[in-house]
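Asks: After the sequence you'll find the predicted model.
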Amino acid sequence: MLWGVLKKSLVSPSAMSYAMMNRYSEIKEIAVNYPMSVDPHPNEFDLKRIARMLEHRVRYRYVSPVVQPIEEGYLVVSPCCSRNIDAGGGIIDIARIKYDHPKREWRLYHKDHQLAVWVLHSIAATLHELVASLNEDPSRVFWQ
């Protein structure tokens, strides 16, 4: 269809304009009648980005963390090799990553394992910046 419109526009400049206006009207109607209410997170692309970025973490490089999709974000879990949280070395929660769509910011949470609650650790404009603080973890709140 696009080639046909382009071909016509070479012959008649108004044909392209008319086709574009028609298409714009269709798109506008769809946007008004079917607004996007679904949060774009989690998605496969960011899931894999986070997993790749975690390969550059400073602590516990000998375990393999897993990034799982959860409602409104991502959950990072890993075997507990230090045995500080789980004496049996089972899988524990490391971090929770959420994207706040209205504010256009990423939020990173760490798990308070004693109270079994998530605590906001930091807010960042980019996912890369957020995961960098998870990877460095100087206060050892993630990789315990």
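Replies: Yes, it's here. Numbers count the residues shown, from 1 in each chain.
Asks: Need the nearest residue in space to the residue nearest the centre of the chain, chain neighbours excluded.
Replies: Centroid-nearest residue in the chain: residue 46, 4.3 Å away (criterion: Cα atoms, centre = their mean). Counting by Cβ to Cβ, 6 or more residues apart in numbering, residue 46 lies nearest to residue 127, which is 6.4 Å off, once chain neighbours are set aside. From N, CA and C alone the C-beta is placed, and that goes for glycine too.
Asks: ok, now residue 95?
Replies: Nearest one to residue 95, counting by Cβ to Cβ, 6+ apart, is residue 76 at 4.3 Å.
Asks: What is the three-state secondary structure of that neighbour?
Replies: Following DSSP: H, G, I helix; E, B strand; the rest coil, the label given to residue 76 is strand.
Asks: Verify the stated contact: the residue nearest to residue 46 with residue 106.
Replies: Yes: using Cβ atoms under 8 Å, residue 127 is in contact with residue 106, at 5.5 Å.
Asks: more neighbours, these two?
Replies: residue 106 (22 against 18; other Cβ atoms under 10 Å).
Asks: Provide the secondary structure category for the more buried one.
Replies: Once three-state DSSP is applied, residue 106 turns out strand.
Asks: For residue 50, see how far away the residue nearest to residue 46 is.
Replies: 7 Å (Cβ to Cβ, to the nearest Å).
Asks: what's the overlap in contacts for these two?
Replies: Shared contacts of residue 127 and residue 50, defined by Cβ atoms under 8 Å, 6 or more residues apart in numbering, comprise residue 97.
Asks: Okay, domains of the chain per the record?
Replies: 2-33, 44-136 (automatic domain parsing).
Asks: among the ones you listed, which is nearest residue 143?
Replies: Closest to residue 143 of the domains of the chain, according to Cβ to Cβ: domain 44-136, at 3.7 Å.
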